[in-house]
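Visitor: The following comprises the amino acid sequence and a computationally predicted model.
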Amino acid sequence: MKLNDFYSQVCKRYKEVGFGGLSQLDKFVLVVVEFQGQMNSGGLDPYFFNSSGDSTPVLLDAFDAIGAVEARNLTTDALAVFDPVGGYTTNQDARIERLNQLDIDACAEKFTPLNRRLGEMVEEISQQLEIYLTRNAQNA
C-alpha cells in the first residue's frame, strides 16, 4: 500500500477513534507525516507551537522504528531548547508558554541548522517510512 493512501485511511480512523485508539503503525505514520509537513512549512517553531508537537515522544519512537536515526537525533537536539524553561512537555498550552519565555535569537540559533538538515531529510524519511509501512502493514 502506498504511503499517501495509508495516511488518508489513518486520518479517517483518527477522526473516528482519536489518537489513543490508533494502532502503533497508524500513530507512527500520522506523526511522521505531520512532522514532515511542519518541516516543509516552517520547521521546528510551528511544529512545537502546534498540537503536532504533543506527540514528539511517539515521533522519536517512530524514527527509531523506521531507522531514521539522524532525524531522531536532530529532533532530540531540538528538545534541548526547552531545557532553560523546564524542559519539553507534551501539553501544548504549557509548551507554548515555555516557547514564549525563550529568547527568540537563541531559539533561531538552535533551530535554524536543525530545520535546514531536517528539511533536507524529508524525502529520505518518506522512503524509510514507506519501507516500514510495506513491512508492517499486513500486521496492522
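Guide: Great, that's in hand. Numbering: from 1, shown residues only.
Visitor: For Gln38, the count of nearby residues, please.
Guide: The burial count assigned to Gln38 is 20, neighbours taken as other CB atoms under 10 Å. Any C-beta I mention is one placed from the backbone N, CA and C, and that applies to glycine too.
Visitor: Just the pLDDT for it.
Guide: In the prediction, the pLDDT value recorded for Gln38 is 93.
Visitor: can you pull the pLDDT of the residue most central in space within the chain?
Guide: Residue closest to the mean C-alpha point of the chain, counted by CA atoms, centre = their mean, is Phe35 at 3.7 Å. What the model reports for Phe35 is a pLDDT of 96.
Visitor: which residues sit in contact with it?
Guide: Taking CB atoms under 8 Å, 6 or more residues apart in numbering as the contact definition, Phe35 lies against Tyr47, Ser52, Leu59, Thr75.
Visitor: Tell me which two of those sit farthest apart.
Guide: In the contacts of Phe35, the most distant members under the criterion CB to CB are Ser52 and Thr75, with 12.0 Å between them.
Visitor: what's the helix or strand for Tyr88?
Guide: Counting by DSSP states H and E, there is no helix or strand that carries Tyr88.
Visitor: need the contact list for it.
Guide: With CB under 8 Å, 6+ apart as the criterion, the residues that contact Tyr88 are Thr56, Leu79, Phe82, Arg95.
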